[in-house]
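**Q** no sequence for this one, just the structure:
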């Protein structure tokens, strides 16, 4: 009898936990993380941006490396239009030392990153966003009511290995729609990359 009593409570708890991360249309609360320049970078609707291109990425993953130049190009194109790229590394550096904060600083300088590269050391924000891959993108829109709204989740484009053969640019399509005051048509795609390395 006790087992039957506790089973619904267990299932309810699992359900709540599974739904804890952000979904399309949710308000994303302001947050700040340590940047590679040792300052705290704030993601907030109070900042003078139309939105953000949040990218969970890292140093070691081959897919992340393949997309580094494309992230630089995205930021160069969309930052002047109000949508800067903000990269976040949430990997456990004890599993992959290449992903330590010190190596993030080095990689950012080597590649000439023109965007913030933040360290999610506790992995709180990867979990909050529901990020599972590197790279994994979340496009936020600074809505007229002063709230950051999650408008797109998924891949950057449809061809990680051959940038010259990309046919669909998911992030660009989403941001272009928002800039035009339109609804994002393809709101969720499958992120392709390495799994985020979680702490035990």
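**A** Perfect, I can see it now. What you see is a predicted model, and the numbers here were worked out from it, not measured in a lab.
**Q** alpha carbons only for contacts and neighbour counts from here, please
**A** Noted.
**Q** residues of stretch 71-80 that come out buried?
**A** Within stretch 71-80, the residues that count as buried by 16 or more other C-alpha atoms under 10 Å are 71, 72, 74, 75, 76, 78, 79.
**Q** using TSV, lay out the residues you listed together with distance to residue 111, secondary structure and pLDDT.
**A** Below are those laid out as TSV (distance: C-alpha to C-alpha, whole Å; DSSP: H, G, I helix; E, B strand; the rest coil; pLDDT from 0 to 100):
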residue	distance to residue 111	secondary structure	pLDDT
71	11	helix	98
72	9	helix	98
74	14	helix	98
75	14	helix	98
76	14	helix	98
78	19	helix	98
79	18	coil	98
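**Q** now the residues you listed in JSON lines, with distance to residue 122?
**A** Shown next, in JSON lines, are those (distance: C-alpha to C-alpha, whole Å):
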{"residue": "71", "distance to residue 122": "24"}
{"residue": "72", "distance to residue 122": "26"}
{"residue": "74", "distance to residue 122": "27"}
{"residue": "75", "distance to residue 122": "26"}
{"residue": "76", "distance to residue 122": "29"}
{"residue": "78", "distance to residue 122": "29"}
{"residue": "79", "distance to residue 122": "28"}
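**Q** closest to residue 135 out of the residues you listed?
**A** Of all the buried residues of stretch 71-80, residue 71 has the smallest distance to residue 135: 10.1 Å, by C-alpha to C-alpha.
**Q** quickly list what the residue nearest to that closest one when sequence neighbours are not counted is bridged to.
**A** Distances taken as C-alpha to C-alpha, 6 or more residues apart in numbering place residue 85 nearest to residue 71, at 7.2 Å, with adjacent residues excluded. Beta-bridge pairing for residue 85 (DSSP bridges): residue 53.
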